[in-house]
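[1] model this:
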Amino acid sequence: MITEIGTVFHDKLEGREVTIRGWVYRHRTSGNMVFAVIRDPTGLIQATVKKDRVSEKDWKDANDAYVESSLTVTGVVKKDERAPGGYEIQATGFSLVSRGEPFPISKDLSDEFLLDIRHLWVRSRKMTAIMKARHHIVNYLREFFDREHFYEIAPPIITKSGCEGGSTLFEMDYFGDTAYLTQSSQMYAEVFIFSLGRVFVFAPSFRAEKSRTIRHLAEYWHLEPEMAYYDHEMNLKLQEDMCQYVIENMLKNHSGLLEACGRDPLDLEKVKTPFPRMEYKDAVDRVNELGGKMEHGEDFGADEEALLTKELDRPLFVHKYPKGIKAFYMKEDPKNPDLVLNDDLLAPRGHGEIIGGSERIWDYDELVSRMKEQNLNLSDYQWYIDLRKYGSVPHSGYGLGIERFVKWILNLDHIRDTIPFPRTITRCYP
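    Predicted structure coming up:
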C-alpha cells in the first residue's frame, strides 16, 4: 500500500512502516549513508539509506539517483528534528523507477532559460504551490456562481465578431474566410440570459496586444458572467461578493498555501466589502494629485492604476467612464449621456485591473446607433443585434481575468507565473 507524504505528517505515523512513491528533491551521500529528500504532490520527506540496511541493488539505486529521479522507498517513520518537517523515513528498500539524466535546473538561472524549459520548471516548489492555489481559486469561483444559481455555458473560440476592438484581434484563415480567436465570450453569454437568466463562461480569450508588461498575456483564462435584470449597482455588488467569497475560503482553508506562494494571509484579511468607489473624472484628478500626468478622456494605464491603488488594502472601483473610450455595448448613464454605466475593478498595491464590467445596451435602436457611431460592420454582428429584437431585457455582466486575479491574491511579481505555459509577445514555446 502506498502512503502519501502528507499523510505521514498529518497522521503522525511514527514507528510505522510505509511505502512512498515520488521524485528526488535533494540528494547527498556521506560514507555509508545516502540522504534523499523525496517529494510527491503532498509534501517533502527525508529518506535515510544505510548501506547495511538495504540490498546491494537498492544501495546502488540510492547512490545513483539524480535530482528528479523517480523512485519508491519503503521504511520506518522516525522523528528527527534535523529532518525537513521533523520526520524521516529510515529506508529498508530504495528502488529507482527511472533514473533519467542529470536535471538541467539549478540555482541562479535566468528567467528566459526557465521559460525555455517551463515543462520542467513547473515541478518546482514555487510553481507547484501556485498551481495548487490557482486550482482552489478557480474552484471557489465556480462554487460561488453555483451558489448564486448561475449556469455555465460553452462558447465558441473562433468567431467573426470582435468584442473589444479590431486592433487586438488574432486573425485566422477559416477555410478561405476571415475569422478571429475570441477576445471575449461576453456576447455569446448574453445569448443565454434569455433562457437561463444568469450564466457564466470560463474559457480562454486572446488579445494581440504588443505589450511587454508584467500583467499582460496574449492568451489568458476569462471568467465572464452575464445576468438578466441586473443593473449597474447589482453588477458591482456581485463583483464584490465574488471576490470576498474566494478570499474568505482561501484564508479559511489554505492559509499555509498562501504563505508558500509568498502571500501574507494577514494582508488578505483586510479585504472587506464594500469596496471603495471613485468616478472616472475624480480618479483622473486623483492621479494628477499623486504626481501623474493624465488628461480627461484618456484611459488608465499601469502607472496610473498603480498610483490610485498603491496605498490601498482593498480593490477600488473606478466607474462611469466617458462613452468615447469604452466599448459599443455599454449603456449610457441616464444622468449623463456622455458617460457609460461601466466599471473597472483595480486590485490594491498596483496589481492592476482585474475586472471590467458594465450594464449592457438592451434597446435595439440605441445599440445600432452606437455601433454606427463606431463604424462597425453591422452584418458581422447581426446575430447579436437580433437579441435586442425579441424580448430584450435590461442586463449586465463583467469579465474577470483569472491570471490577474491569481497574481493579486498570491501577491506575485509577474503574471507569467500564474499560468503553466505563458503566451506573450515574445513567447509561444513550449
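
[2] contacts and neighbour counts: CA atoms only from here.
    Noted.

[3] please name the residues that touch residue 290.
    Residue 290 makes contacts with residue 307, as judged by Cα atoms under 8 Å, 6 or more residues apart in numbering.

[4] any weak-confidence spans in the chain?
    Residues of the chain that meet the criterion pLDDT under 70 lie in 162-166.

[5] what do you get if the cut-off is 50, keeping everything else the same?
    By pLDDT under 50, the chain has no low-scoring segment.

[6] tell me the secondary structure at the residue of it positioned farthest from its centre.
    Distance from the centre of the chain peaks at residue 52, with 49.3 Å (Cα atoms, centre = their mean). Assigned with DSSP: H, G, I helix; E, B strand; the rest coil, residue 52 falls in the helix class.

[7] and if you look at residue 59?
    Assigned with three-state DSSP, residue 59 falls in the helix class.

[8] so what's it closest to, chain neighbours aside?
    Setting aside the residues directly before and after it, residue 59 is nearest to residue 51 in space (Cα to Cα, 6 or more residues apart in numbering), at 6.0 Å.

[9] and the helices in the stretch 51-200 of the chain?
    Under the criterion DSSP state H, counting those that start in this stretch, the stretch 51-200 of the chain contains helices at 56-64, 111-116, 118-121, 125-147, 186-196.

[10] report the buried residues of the longest one.
    Within helix 125-147, the residues scored as buried using 16 or more other Cα atoms under 10 Å are 125, 127-131, 133-134, 136-138, 140-145.

[11] rewinding a little: save the helices of the stretch 51-200 of the chain as JSON lines, and put in distance to residue 308 too.
    Converted to JSON lines, those look like this (distance: least, Cα to Cα, whole Å):
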{"stretch": "helix 56-64", "distance to residue 308": "56"}
{"stretch": "helix 111-116", "distance to residue 308": "30"}
{"stretch": "helix 118-121", "distance to residue 308": "34"}
{"stretch": "helix 125-147", "distance to residue 308": "26"}
{"stretch": "helix 186-196", "distance to residue 308": "28"}
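
[12] out of those helices, which is closest to residue 263?
    helix 125-147 (10.8 Å; Cα to Cα).

[13] ok, and what's touching the closest one?
    121-122, 151, 200, 242, 245-246, 249-250, 257-258, 260-261, 402, 406, 410, 417-420.

[14] so what's residue 72 up against?
    Counting by Cα under 8 Å, 6+ apart, residue 72 makes contact with 19-22, 93-97.

[15] burial count for the nearest residue to residue 370 once chain neighbours are set aside?
    Excluding its sequence neighbours, the residue lying closest to residue 370 (Cα to Cα, 6+ apart) is residue 328, at 5.9 Å. Using other Cα atoms under 10 Å, residue 328 has 23 other residues around it.

[16] mind listing what residue 328 touches?
    Applying Cα under 8 Å, 6+ apart, the residues contacting residue 328 are 367, 370-371, 374.

[17] next one: residue 67
    Residue 67 neighbours (Cα under 8 Å, 6+ apart): 23-27, 102-103.

[18] picking up where we left off before, identify whichever of the helices of the stretch 51-200 of the chain lies nearest to residue 216.
    helix 111-116 (15.8 Å).

[19] give the buried residues for that closest one.
    So helix 111-116, judged by 16+ other Cα under 10 Å, has buried residues residue 115.

[20] and if you look at stretch 387-398?
    Neighbour-count burial for stretch 387-398 [16+ other Cα under 10 Å]: 387-388, 392-393, 395-398.

[21] next: stretch 34-42.
    34-40.

[22] list just the nearest of the residues you listed to residue 226.
    For those, the nearest to residue 226 is residue 40 (40.1 Å; Cα to Cα).

[23] and the end-to-end length of stretch 314-326?
    25 Å (Cα to Cα, to the nearest Å).

[24] ok, residues contacting that stretch?
    Residues from elsewhere that reach stretch 314-326 (Cα under 8 Å, 6+ apart): 270-272, 275-281, 283, 297-299, 309, 332-333, 337-348.

[25] okay, and which of these map to strands?
    277-279, 332-333, 337-340, 342-347 (DSSP state E).

[26] separation between residue 392 and residue 195?
    Distance from residue 392 to residue 195, by Cα to Cα: 11 Å.

[27] can you pull out the strands in the stretch 301-430 of the chain?
    All strands of the stretch 301-430 of the chain, identified by DSSP state E, counting those that start in this stretch, fall at 316-319, 332-333, 336-340, 342-347, 352-359, 395-401.

[28] brilliant, that's me finished.
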